[in-house]
Structure formats: C-alpha cells, structure tokens
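1. Sharing a model prediction with you, sequence too.
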Amino acid sequence: MIRLDKICVDFGGLRAVDHASFEIGAGRITGLIGPNGAGKTTAFNVIAGAVRPTSGRVILDGRDITRLKPHQRAAAGLARTFQIPHEFDRLSVLENLMAAASAPEGENVINVIFRRGRYAAEEREIYDTARDTIRLLELEHVIDEKAGNLSGGQKKLVELGRALMRKPKVVLLDEIGAGINRTLLGKLADKILMLNRERGLTFCLIEHDLDYVSKLCDHVLVMAQGTLLTEGTVEAVRNDERVIEAYFGGGKYEARL
Amino acid sequence: MELTGLFFYLVSLLILGGIYALLCLALNIQWGMGGLFNAGIAGFYGVGAYSSAILTTAASSRHLGGYGLPVPLGLVGAAILAGLAGWAVAKICVRLKSDYLAMASIGIAEILRLVIVNEDWLTNGSLGVSRIPRPLGDLATGRMSDVVFLGFVWLVVLLVFVASSRLYDSPWGRSLRAIRDNETSAAAAGKNIEKFRIQTFVIGCAVMGIAGGLSAHYFRFLSPTATDPLLVTFLVWVMLMAGGSGNNKGAILGALAIWTLWSVTEIFTNRLPPEWATRSSFIRMLLVGLLLQVVLQRFRAGLIPEKSPPVRFKEEGPEPDR
Amino acid sequence: MIEFINFYLFPALTIGSIYALGAVGISMIFGILRFAHFAHGDLMTLGTYGILAAAAILPVNPLLLIPFGMVLTIVSALLVDRLFYQPLRALPTIYTVISSFGIALVFRSLVQLIWGSENQVFSTGVKPPLVLFDTIRVSVLHLQAIVATAIIAVLLHFFLSRTRTGRSMRAVADDPELAEVSGLDTAKVVRWTWIIGAALAAIAGAFAALNTSAHPNLGWNLLLPMFAAAILGGIGKPMGAMAGGFLIGLAEELSSYHWIGDDALISPSYKTAVAFICMIALLIFRPQGLFKGRLL
Amino acid sequence: DDTKIGVLMDITGPIANFIPPLQNAANLAVKQVNDQGGLLGGTAVAVYGDTTGTAQGAVDAAQKLVNIENVPIVMGSLMSGTTIAAAEAAIIPAGVAQISPTATSPAMTDLQDDGLVFRIVPSDNYQGEILAKMVLADGLDKVALTYVNNDYGVGIGQTFQAAYEAAGGTITASNKHEEKKDSYRSELASLAKGEPQALVVIAYAGDSGGKIVRQAIEGGLFTKFVGTDGLRDELLIENVGADALKTSFFSSPTSPAENPAQKTLHDAFNAEYGEGADKAFVDQTYDATFLALLAIEKAGSTDRAAMAQALRDVAMAPGEKVGPGEWAKAVALLKEGKDIDYDGASGNAEFDANGDVGGYIGKFVVDGDGYKQVEIVE
Amino acid sequence: MTERLSVTDLTAGYGGPPIIEDISLTVEPGEIAVILGPNGAGKSTLLKTIFALTQVAAGSIRLGAKELVGCKTSALVPLGVSAVPQSKNVFATLSVEENLDVGTYAAPPKDKAATREKILALFPDLKDKLGQPAGELSGGQRQMVAMGRALMSEPKLILLDEPTAGLSPAYLERIFDLLLDIRKTGITILMVEQNARQALQIADHGHILVAGRNHVSGTGKELLADEDVRRLFLGGAAA
Ligand SMILES: Nc1ncnc2c1ncn2[C@@H]1O[C@H](COP(=O)(O)OP(=O)(O)OP(=O)(O)O)[C@@H](O)[C@H]1O
Ligand SMILES: Nc1ncnc2c1ncn2[C@@H]1O[C@H](COP(=O)(O)OP(=O)(O)OP(=O)(O)O)[C@@H](O)[C@H]1O
Ligand SMILES: [Mg+2]
Ligand SMILES: [Mg+2]
C-alpha cells in the first residue's frame, strides 16, 4: 500500500530519518514503535507530505507521491492525526469534524453563491457521519464546545475523529493513545479493528503502549535512530534484544493487569 | 437646522456609510472568515476607484481614458481590476502569516499609491480625474441625485451582503475558517489552502474595488486624497472590529456606527465656545480616539459577535435548518 | 565617490539610525505583546515635543534635554498600556492593534492641542558641516545620531543578553503563559519592554526633529518604514531591528544613486517604495527576517 | 442674530502644519466684521469643517456645513483635491457658493459648477508662466528644478518647465519629490549636476521645501534658490537664516504695488496674533473670507441663490474700492446702494467667467526677518 | 522544610459553569499522589487551579500554612512550587539550554551547574540537543525538556500533568524511578496520569476524578485491586 524507499530527512545537520525503507501493507494494521526521537513522526510527515525528504521516494499504491502536496495526498485517500493536536480551535467539535470532510460541491464558490441546492445532500451526509463519529468518541456532551477549550485528551479524540471523516484508504495515527483514558482507548481499538475488518481500511499507528499495539497490530515496525531496526510480530519484537535495549528498558512497571 | 438639511445630511451619511459597509463586508470575508490580515485596503480601493473613473469618463488629454462606459460597467471593471490586483498580491503573499501579510499589504498599498501619484499618463497624478459621472445620472439633478445614488449604493450593499452571507454559511466558509484556525491540519484534511486563500483574497479585493468605484462616482472627482490609508484602511478595520468580525450584520452595523461617530462628533465639537473653534478639530480627533477605546473595552467582541452558522439539521429532510 | 559618501551614505546612515531606534521598540512590543503598535510613531512625536517644551525653558543643547522626552514617553506608554492595552490582552491581538491605532490619534491630537500643529525648529540657521580630509562633509548632528545609535545598540545587547529581565524577555515573547508558570514576572517584563521602547522612541524623535523640524505628523510619517525595519530584522529581535533600520535607510537613499550611468537607479519619487519592496521580498524569501526572528 | 459662514479647511491630516495661521486669517476677518457693526446686523460666526485632508472627510465636512449648519457660502478648502471633491459632491448640488483661497489646480477652471465655485488664487498655469519670465529676467538661463508631488507642485512645476524652456531657458535637471521625507540629499546630488545657476524649488517651507533648501546649503550644492509662495514663509528664514538666502528670490501672488492692502492686513494680523502674517496663503485666506462675508451682506440675507452673484458684485469693478478691514465702510456704501469693489491683500479679485482670477505675481526677496516685495509682474 | 499540600472544597472553572467542584485532597510531604479519570474530567483543571491559572469560586489550597488561592502564578515558583503543563510546555523558539535556564530565573538553585548536570544525566537524549530550539524536538524530547525545566528550580512541590505521555517505556521507567527518588528527599509530588496502571504502582495515593468531582480515593494498591476501578478507568478488561 505505502512504501518508503530509502528515505532520508535532514534537519540542518541532523539526519532524523536515515535511509529508511519499509512498507505498510494494504488492509493491515501496522504498528510503528521506537524510542523517542527515533524519527517516527518524521516518517509520518514524509508520508503525509508535511516534510519533504532529502532523498528517497514515497509510493502509494504503486504511484510515486513524493512530490505531491499534503492536500493532494489527502485527496488520494491518506488521512493522518498529529501527535500534538492541531485542532481548529475556534470551530466547535461538530464543525471540526465536518470541516475535515471532503465537500467538492460545497467548497465550490459558484455553487455556494448561486446554486445552493447542489450541495445540500452532500452536506447532510457529512453531518450524519460527523454525528456518528462524535457518538463513537464519547464527545457528545461537548459537541458545541469550541475545540480550543477542550481537554488534552478530548483534543486527541477530535484529532482521530477528523481523520475518520475523510473516508480514507489509509489512516496514520500518531500516538493517539497518549493521554487517552485506557478504558476509552480500548473501545477505540475495537472500532479500529472493526473499520479494518469491515471496510478494509489500512492503519499505521505510532504508539508507546504495547498492550494497545499488541491488541491491534499483527505486524510491528521498529525504528531507531532514523532507520528500521527490525520488524515482525509483536511477540517477536518484544523478545528482540536490540529492541529491549533501545526501547523497553527493564519492564519494571508492568502495564498488564 | 432645518429638516430638509437634516435629510440630505442623513443621505450623505448613509452613502459614505454604505461605501464603508462594502469595505467592511469585504474585509470580513478576508479577515473574519479567512484570517487574512489585509492592511492595504486603500490600495485595492484606489485601484477600483481609478479603474471605474477612467472607464466611465470622457476622453481627457491629461490621463488615460475616453472609454465613456456606463457606470455599472465601470464598477464591473473596478471589481475585475481590483480582483486582478488582489490575485497578483495573493499569488505572492498569501503564504505569509497574518501579521506579515499585514505588513506586506501595507507596503503594496503604499506602492500602489505611489504609482497613482506618479504615473501622470495613467491617472493625471496628483491633479486628479474630474467629471466622473453618476449612475442613472439623468434621473435627478442637484441634491436629489444623492438620493438616487443612495439607493444604488445600498442595492450593491444588499447584493454583496447576500453573497457574503451565503459564503459564510457554507462548507466553503467552514473550510476557510478551518484554514484560518490551523493550516497544517486543514492541509492534512485535503484542503487546498492556497486556492482557498487566493479565492478569499480576490473576492474581498474585488468588493473593495467596487467600493472604490462607488466613491469615485459619488465624489465625481478623484485625486490621491481619496486613498488615504487613515480613512480607508484603518478606519475600516476599526469598523469591523467594533461591529464584530466574522459577522456580516456586524460588519454593516460597525461601518454605520463608526462612520456616524466619526462624522457626528464634528457637529458637537463645532458647538464648543468660539475660543475653541480653531482647536475643535483636534478635540474631535481626541474624542474619536477615546470613543474608540470605549467601544473596544465595552464591546469586546464587537457589537454583534462572531457566531458560527448553525449546522443543525432537521431529523428528516435534506434542507439545512436555519 | 565623495559625492556618494556626502550625499548618500551619511544621510542614509542617519535616517537608518532614526528608523533603527524606532524599530527596536516596535520589534520588542511585537515580540512580547504580540501586536503591531501603531501608536509608536506618535509616541516619538510626543517625546519630541516633550524635549521641545523643555528647550523652551532651558536654553541648552537640545540633546541634553532628551531625558525629558524620555520621561514623557515612558510615562505615557506605561499609562496607556495599563489603561487601554492591558484589559484587551486576553483577546485576539487585533483588538490591541486597533486600540493602539486610536491611541495614535489621541497622542497626535494632544500634541496638536497643547503645542499647536505648526512646524517648530529647535535651532535656526544652517550649521556648517564638519569637513574631514577636505572633502568629506558631514553634519555634526548626523555623526551624533549615528554614534548614539551605535552606543545604544551595545547597551541594549548587554541588557538583553546579560540581565535576568533581558533574558526573561525572550521566554515571555515565546509563551507568556508558560513563562508565568515558570515563575517569570511577565508584568515586569512588559513594563521593561515599554520603558525601553518608549525611551528609544523619544531619542529617535529627537534626532528626526533636529534633522528637520518637529511637527505633529513627524512620527506617523516614519511609522511604516520603521515597521519594515522591524520585520526585516526579524520580529522579536531588537538587535535585528537595529540592523533592519539601517538597511531600510540605506536601501531608500542608495536606490536613487546613479549606480549605472548618470541617472538615478530608481526615480527618487519611488524612494519609499524601495523600503517596502525590500520588506516584501524578504517576507517571501526569508519570512523569519534576516536574523531569524520568530515566525508569527 | 448669528449668521454663519462655512470655513472648510484641511485642519488635521497631511497639511496640518500650515493651518493655524490660516485659521487666524479667517478668524481675523470675522472678528473685524463683528467689531465693525456685524453681519446683517447680527454676529458673524465662522463654522469650521475639517476635511482631514481626504476626499471622504472633505465631502462629509462639506455636507455638514451645507446641510446641518445651513451656511449660505463656504470658504475653502485649501488642497485642490479636497476642494473639488467637496464642491462636486456636496456644495454645488446644494446650490451653495464656494470660494477657495488656495486651490490652484487647473481642474477648478472647468468644473460644471453653475457659476458657484470661485477661487482667489491664480491657477498654477499662471504663476508657472510668470515665474519662468521672472527667472529669465534675473539673468538665470540654466536652472535645476524640483517640485513637490502634489497638486500644487506639479501644477506650477510643469507649467514653469514648459514656459521656461519655450522662452529659451535650460533646465539642467528636474525632479518631482515626495513630501514628508527626512532627507532630500540624494535628489539634490543629482540636481546639482550640469552646473545650474540656481535651484527652483516649488514646495512648502514647512515641509519638503524647507528641508531641501537647508540640505542644499549644508551640502554646499546650491547657494541661490528660486521659490514660490509655498516657500516664501518666515519659517524658511527661521530655519536656514536670512544670510543664506541673500541671493534668492520668490514669486507670490500679490496685489498691485500702489495698493497698500497687504500692509494693512499684515499690520492688523500681527497686531492681533503677534506674528505670522507672512505665512503662505494668509492673504488669500483672509481675502476669501472677507469676500464671502461681503457677499452675504450684499445679498442682504442668507439666501443661497443670491450668493454667487453677490460675490461677483462685491469683488469686481466697477465700484467704490474697499480693502482689508474696511467692513464698516463697505457696509455703509452698500446701505447707500452703491456698488463696491474689494481689492484684497492677495490681489484685486476680478473673477473671470469660470470664477478664476488672473492677478499679479510679485517678486520677493529676504529682508531681515521677513520678505520684501521688489517688483510686480502682471 | 517540606510542606503538605491540602486542597479543601475547591470549586473552579474558566468563567463559565465550574469545571471542578468540591474537590478535597491532601498530599503529605514526601508522598506521590496521582489523579486519574476519563478525558475531560477536570484533572488538568485541578492542577491549573493549584497553579492559579483558573478562576476559583470556592475553597482553599494550602501549602503548609500558606494559602495559595489569590497568589499570582509567577509568585508560586519562588515559594517552591513547580509545574509541567500538559501541552505547550516548552518555549518553542528557545534552545533546550535556554529552556532549562528559564527554570532558574525565578528560584535559583543552590548549585546551578550541578543541578543542570543531574538533569542531563537523567535525560541523556538532550545532551546533544542543547543548542536546538525546543520547537524542533520530537514529542518525547519536549516532554523531557519540560520536566527538566521544572526540576531546575529544585521545588518542594511539583505538579506534573501527564509527564509520561508520549514517552517510550524505557523513559517511563526512568521517570517513575526518578519520582521515587525525589520523593525520598521529601518533595511532594502531585501528578495526573493516563498510564494509570503503571502510575498506581508508584503512587501512595490515587484519586479518581469523574465529571469534576472526586469519585474514589485510595492508596495505589487499593485502587489497582478494585474491580470496578479497573474496568471503568484502567481499561482493565480490555488488555
Ligand atoms: N523541524 C525539525 N528541525 C530539526 N530537528 C527536528 C525537527 N523535527 C524533528 N527533529 C528531530 O528529528 C528527530 C526525530 O524526531 P521525530 O519527531 O520524528 O521523533 P519520534 O520518533 O516521533 O519521537 P517521539 O516518540 O518522541 O515523538 C529528533 O531528534 C528531533 O529532535
Ligand atoms: N480554557 C478552557 N475554557 C473553557 N473550558 C475548558 C478550558 N479548558 C478546559 N475546559 C473544559 O474543562 C473540562 C475539563 O478539562 P481538563 O483539561 O481539566 O480535563 P482533563 O481531565 O485534564 O482531561 P484529559 O485527560 O483529556 O487531559 C473539559 O470538558 C474542557 O472542555
Ligand atoms: Mg513523534
Ligand atoms: Mg488534561
């Protein structure tokens, strides 16, 4: 589905991503883990077009999208969330979600001024989808709150909600779990599994909570220092010496119950 | 003060108020919806004013012209040329963040002003363009022609109001406000930021051009004194903020309220004792400056604050519920 | 060459000094309080008239009276901030911008009410310029302005990089709320911003008025190039603003030098445009300013 | 009873610094009227309108004068841009007469004004041509020219250039400069090329004109200057000193030599305000105001329709001469049914069909702290 | 010289209806207390209220004998209170070095160089980033800078809003180890966590906030063992 081909990203003197090559398989839920500063977010940014790689190519469904702008990639079916929430702070939660939808008729100036009937049906559908998504995210009680006034975790949920509004083929989730209550996160994981199974959506998620990763992902990529360290099933990766050293530490505070 | 006098003063107040209302609506599209900090309103206003003036006047040896078009066509020309100027500016500057765009647009307006003042062949420089016709010129003469013109101006205001309300209350407007709030995330949601911003800027500038054109027809004479940033750019900003940015009704109300304030203060300062007569203008400026502070402190969010358009739907039926 | 030095370079540096001193305040206010202070030019005017008023009583070199102007501008700035800007701080900055625009009108009309609107000169008669090496003619005032600005630049640099208040300024400029959480007294930083900005505005006004004459529109007329200078230097970079001021001054004046052939490169009528073209070009190609200021 | 006259001036805005003496001039005329028996048997009151130096402000202020204050005649304004906009959009439609003291733009001539708009100052074209003659007569056949880029400077500057070159003079360099800059040294450096004998400066002493002269002297570029009424201002002497201007001369609209009107006015002005009679456009402003007051008196009422004709009647020959300050005399003559002819400090105010005046241009040189008229060109 | 933090009947919000109501809790010197709860429950609001960033409607907050309600935010650091906000917790344009330095302006540590060394030893990743603007760091690195800044002033009471959000398991371990360490020196710690299961293992006390009210309190062990708590707040069944 998405393939990174020898991607390098340089920030000034620092090479944040160093000849990284990996693939996010179609229809799968792939996990991307690695120590802080490994280059995971940067890799996402390269895929989504927010950062232009110094060298290398990004392939989506066999098509080279390295030169496309972020909005063109979004139109090609790519949706993403941001690690640090990027909400539309003066729009309400509902509007945040609706604004994220694609609305070809309603975003046409001529239609808007002269032919308003043209986008009514489209708008209705966007509205319904937004309501459903908000229900799922348990944000109904703040539906009319300005997104800028939400709590840190609620902003993350809105972040996820906007990505789901895009009707995407691939969704990149950057630490959606950090700051989300674990019980709710469990429910979201169920939803992601359902979307993956029923609609064939492809997911790639960066996460530090291994329980969550292992519940969702059958395949895990491990990045360290800008390159792919290893990949495999969660179990395999968990037991990999290099990964333990670079990433897990002693496992003193057990997350499992 | 006799009643007819009062009437005609009101007419003039509403004509200029209407022209300012157009400028405010235009700025509201750019700033209120799009977050584009245009501080060069005077430039686009000037382009519109001179375009319409040159297109509709008879030939003159002193400046370009002699097209003698009817006024409505002149205004269309004003909209197109100001829109084009806006497009060129937007092409270069639209990536800039708000305050930087402000500075760039101030600079561009100043450059446009210099062109107007210096390129005699085009605009007759500081000597100005005279004998600019009024629309429906033969319908009335003398003071009555102001009444006709008033109707004309407010018809334009109404059209622009309807159009901009539709823009505001639409997916287009919503996406625009989303871009205003967060560009990165709007791009990730598939919005072509550049396209949206250029559209916004051009629409706003075209309306500013129309406002400029209308004022040229109202003054019947156009010289660079009509494009002073103080009375065009800054005052319009004051009006929009006072009226409530992000709200079209607020924009119009703000324009009328502040213009009235600006104009009427002089009537009162003229009533000061004669020793003060020579200083009354400064007292008036002082008053305007202080009243502005009062407005800002008392009506923080403007007379009519920004309100997102309702997005509720009736449970059945596809029509938006307004 | 001599012509270039006498008629282009020194005047350009003088104008540059004036822009630079004004731009520092604009840049700092922009950086820390995050708004374009439209009353800054008129603050300059106010300072100038303060000095003028003192000069009417004390017949000494007006440069010695600059402290009077500084006191006036500092007090006015602090007062205005307290009464008008501060209550608006929680709102989007555009409100403060608009408010400062109204304050500009207030300052200007006060100057006109109190001192009248006619031009006023500090001293009459043409002062013979200093002649160096028989060929270089430079006015004493210009030298004073340039040297004073250089000294102020050094002091300012010292203040910003060595004192705790100076260094806190950068943190407050970055994120006032977090600065407050980190225990920095933002109110104090804001106060110092006004004090420095206003003091330098008075000095700039004094040089501008001495160079020509004082009138109520003095500062307003200088405002736009000073903004250009602040941006050129990078917002929130006082030292950059200094450099930006000089660059704008140089660009304006030197653009009409006959670099190629005998004709002015750019008609002097378009002098002001040069400043803006520089600024716009910079904004497009290097939006963080020449010296890497904050991206807004 | 109060009778109002409208006084429209660009009080705030770009030319604010010129205004105070002009307000004094207008107030002086009103005061003299009231001291000498009043207007229409009551008190004359000047109601000010501030154009803010912009077209919008001008129209707005004029609307208030004609509609709210109900004045029968408007004196003003000063800049051509504001004068014409006010006239076209507010004053002419209301059928009110208007007399501008200083609007020099040629566009004033062809206004479609139903004969309502007058001015007391010659069109730029006129002063420019006379100035060309004057410069050549002074033996200067190679000069540099700089004029300020506004209606005043461009009007006179361009006519001067054309007339001067047509009469055989050489302009070594000429440029148009922006107002309000701090340094004109780079312009001056290029103007000094080609060995001109003098620099012709068409600009205001209070703004670019004064700075240009000063910086030219400081830079050692020019020693001789030729200026117009905008530069002929005591401020200039104050600014650069009389010594530096010894060889310079200035042109300014004036009245015939035998007419002592100007001195009368200046004495009265300085007696009232201490100083300032010599400032640019004081004469014209006073005359225009006085004429407007005379016109009301002549019309015998504040009937707008009668104003334009009344203004012509009191301003133009034939008639018994009256001058500045002679209000009581004028009223007495009008009471007797006699025709009067006001000859003012700035000229004899003989309007042509367009409401323009021809007039006299005087040549002035610096004399002590002031200026002295040495010659008159017609 | 350490003091207890006691919050009594605290009601506060952002100008509208109160977000937290009648909250009472105490944290003894040298204790770690952790606040848990669903998103939007008011956890951050509680921390912000202690740090004088919201509007208090009722109640009191005492550090030892000193009443904190009514203090200015900037006055708290000199009193020995330090905070790490949940988001926007670094000065993005300042370098890492300067970010750490800012922590010392209001309350200079006894030995600045030594403190700085200690912090860099704790977060070795920051060592080669000292000159880099904090805005260019990865999410986890920012978290480290924010903690570092708060520790630079050697506080008596430290308020942490989700200090481990976005940190790798290895860093989570380090931070919790560190918290246990500094607790030993008598410093009081109050933190909000969503990595709740881990946090309860080091916490002396836990408080679960729901909809702005204190729902359950108990020792860390009690809460971990409580079946309802596990199911409703710790994602118990899911794992
Ligand atoms: N804009 C930038 N300029 C300079 N360096 C950057 C920039 N963005 C990221 N970096 C650096 O690149 C490296 C990789 O950052 P990245 O954000 O991809 O890490 P990450 O794997 O997502 O880490 P985390 O789990 O902490 O979020 C880091 O060392 C970071 O400091
Ligand atoms: N500045 C604000 N203005 C208005 N309401 C706010 C503001 N900040 C937060 N809120 C509201 O207060 C409630 C509690 O927010 P708070 O940030 O305290 O939650 P939290 O418990 O920290 O959640 P999370 O775990 O998601 O960070 C939320 O419903 C939020 O919408
Ligand atoms: Mg990351
Ligand atoms: Mg929180």
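-> Structure received. Ligands and ions are numbered 1, 2, ... in the order given.
2. and stretch A:114-127, average pLDDT?
-> Mean pLDDT, stretch A:114-127: 90.
3. do that stretch and chain B meet at all?
-> Yes - on the criterion CB under 8 Å from any CB of the partner chain, stretch A:114-127 is in touch with chain B at A:Arg116, A:Tyr119, A:Ala120, A:Ala121, A:Glu122, A:Glu123, A:Arg124, A:Ile126, A:Tyr127. From N, CA and C alone the C-beta is placed, and that goes for glycine too.
4. for the second one, helix, strand, or coil?
-> Assigned with DSSP: H, G, I helix; E, B strand; the rest coil, A:Tyr119 falls in the helix class.
5. residues in contact with it?
-> Residues near A:Tyr119 by CB atoms under 8 Å, 6 or more residues apart in numbering or on different chains: A:Ala103, A:Glu105, A:Gly106, A:Asn108, A:Asn111, A:Val112, B:Ser170, B:Pro171.
6. again, only this time at 10 Å
-> Shown in contact with A:Tyr119 (CB atoms under 10 Å, 6 or more residues apart in numbering or on different chains): A:103-108, A:111-112, A:126, B:170-172, B:320.
7. Which of the three states applies to the closest residue to ligand 3 within chain B?
-> The nearest approach of chain B to ligand 3 comes at B:Thr184, 14.7 Å away (CB to the ion). With three-state DSSP as the basis, B:Thr184 sits in helix.
8. Ignoring the adjacent residues along the chain, who's closest to it?
-> Once flanking residues are discounted, B:Thr184 sits nearest to A:His86: 5.5 Å by CB to CB, 6 or more residues apart in numbering or on different chains.
9. pLDDT at residue 251, what is it?
-> The chain I'm using is chain A. pLDDT, A:Gly251: 72.
10. you looked at the wrong chain, it should be chain D
-> Looking at D:Ser251, its pLDDT stands at 86.
11. what's the nearest residue to B:Leu14 if we skip its chain neighbours?
-> B:Leu150 (5.7 Å).
12. right, and that neighbour touches B:Arg134 too?
-> No - using CB atoms under 10 Å, B:Leu150 is not in contact with B:Arg134; the gap is 11.1 Å.
13. Show me the common contact partners of those two, please.
-> Common neighbours of B:Leu150 and B:Arg134 (CB under 10 Å, 6+ apart) are B:Tyr218.
14. Could you say whether D:Lys279 sits in a helix, a strand or coil?
-> On the basis of three-state DSSP, D:Lys279 is classed as coil.
15. what helix or strand does the closest residue to it other than its chain neighbours sit in?
-> Excluding the flanking residues, the one nearest D:Lys279 by CB to CB, 6+ apart is D:Pro21, at 4.1 Å. According to DSSP states H and E, D:Pro21 maps onto helix D:19-35.
16. just checking, next helix/strand downstream of that helix?
-> strand D:43-50.
17. The next helix or strand after that following strand - what's its average pLDDT?
-> Using DSSP H and E, the helix or strand that follows strand D:43-50 in sequence is helix D:55-63. The predicted model assigns helix D:55-63 a mean pLDDT of 94.
18. Contact partners for whatever residue of chain C ends up closest to chain E?
-> Proximity of chain C to chain E (CB to the nearest CB) peaks at C:Gly183, 2.6 Å away. Contact analysis of C:Gly183 by CB under 10 Å, 6+ apart lists C:168, E:72-79, E:81-83, E:102-107, E:153, E:155.
19. Could you identify the helix or strand that succeeds the longest helix anywhere in chain E?
-> Scanning chain E for the helix with the most residues, using DSSP state H, yields helix E:169-184. Following helix E:169-184 in sequence order, the next helix or strand is strand E:188-192 (DSSP H and E).
20. Low-confidence regions, the chain specifically.
-> In the absence of a named chain, this looks at chain A. For chain A, the stretches flagged by pLDDT under 70 are A:254-257.
21. my bad, the chain I had in mind was chain E
-> E:1-2, E:236-239.
22. for the stretch 1-150 of chain B, same thing?
-> B:1.
23. Spell out which parts of it neighbour ligand 2.
-> Taking CB under 6 Å from any ligand atom, no part of the stretch 1-150 of chain B reaches ligand 2.
24. Can you list the residue ranges for helices in the stretch 1-150 of chain B?
-> B:3-27, B:41-56, B:71-93, B:98-118, B:120-123, B:144-168 (DSSP state H, counting those that start in this stretch).
25. Could you pull out the strands in the chain for me?
-> All of this refers to chain A. A:2-11, A:14-24, A:29-33, A:55-60, A:63-64, A:78-80, A:170-174, A:202-206, A:219-224, A:227-232 (DSSP state E).
26. Let me rephrase: I mean chain E.
-> E:5-13, E:20-27, E:32-36, E:55-63, E:66-67, E:81-84, E:157-161, E:188-192, E:205-210, E:213-219.
27. Can you name the residues that contact the closest residue to ligand 3 within the stretch 51-200 of chain A?
-> Closest residue of the stretch 51-200 of chain A to ligand 3, CB to the ion: A:Gln83 (4.6 Å). A:Gln83 makes contacts with A:40-41, A:44-45, A:156, A:159, A:173-176, A:178, A:206, E:138-140, E:142, E:166, as judged by CB under 10 Å, 6+ apart.
28. near ligand 3 too, which of those residues?
-> A:Thr41, E:Ser138, E:Gly139 (CB under 5 Å from the ion).
29. Among those residues, which lie within helices?
-> A:Thr41, E:Gly139.
30. which of the ones next to ligand 3 among the contacts of A:Gln83 lies closest to C:Asp42?
-> Proximity of the ones next to ligand 3 among the contacts of A:Gln83 to C:Asp42 (CB to CB) peaks at E:Gly139, which lies at 45.5 Å.
31. What is the neighbour count of the closest one?
-> Using other CB atoms under 10 Å in any protein chain shown, E:Gly139 has 21 neighbouring residues.
32. OK, contacts around it?
-> Applying CB under 10 Å, 6+ apart, the residues near E:Gly139 are A:36-37, A:40-41, A:82-84, A:174-175, A:178, A:206, A:208, E:165-167.
33. rerun that using 8 Å as the cut-off
-> A:Asn36, A:Thr41, A:Gln83, A:Ile84, A:Glu175, A:Ala178, E:Gly166.
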